[in-house]
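Q: structure, please.
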Amino acid sequence: MTVALMWEARAAEGRGADLLAWVRAQRLPGEPLRRETFRAPQDRVLVVTWWDAPYDAPLPELPEPDPELVTRTVHRWRFESVADD
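A: This is a model prediction of the structure:
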C-alpha cells in the first residue's frame, strides 16, 4: 500500500523564501518513495511524501518550523492510494 503524507505551512509576512529554504533543508530519518515540494500564493509551502507502508504505520514527518517563520501551526494530513476503477 502507498501512503502519502502532506505537510503544509503558511509563512510569516515576508518569510516565504525563508520557509521554503528551511523545508528544503529538512531531512527525514527514512527515505520516502518520492518527495515533492510546492509553493502557493500567500507564501504557503507544501511537502508531500509517499511511502510503501500501511496507512497506520509510524512514518517520519517534517517537524514544526521555528514560530517566527510561520503564521500558524503546520497542517498535516495522511492519505492512502486507491485504485482507479
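Q: how close does P60 get to G30?
A: 5 Å (CB to CB, to the nearest Å). Bear in mind the C-beta positions are built from the backbone N, C-alpha and C, glycine included.
Q: looking at the two, which is more packed in?
A: Legend: neighbour count by other CB atoms under 10 Å for P60 and G30, higher for P60 (14 against 10).
Q: and the more buried one, which of the three is it?
A: coil (DSSP: H, G, I helix; E, B strand; the rest coil).
Q: swap in W51?
A: With three-state DSSP as the criterion, W51 reads strand.
Q: then W22?
A: helix.
Q: ok, it - how many residues close by?
A: Neighbour tally, W22, other CB under 10 Å: 19.
Q: was I right to think it contacts E64?
A: No - W22 sits out of contact with E64 when judged by CB atoms under 8 Å, with a separation of 10.8 Å.
Q: strands of the protein, start to end?
A: Assigned by DSSP state E, the strands in the chain fall at 2-10, 34-40, 44-52, 75-80.
Q: closest one to Q26 among those?
A: The minimum distance between Q26 and the strands of the chain falls on strand 44-52, with 8.3 Å, by CB to CB.
Q: now that closest one, how far from the centre of its chain.
A: Averaging C-alpha positions (CA atoms, centre = their mean, to the nearest Å) puts strand 44-52 4 Å from its chain's average.
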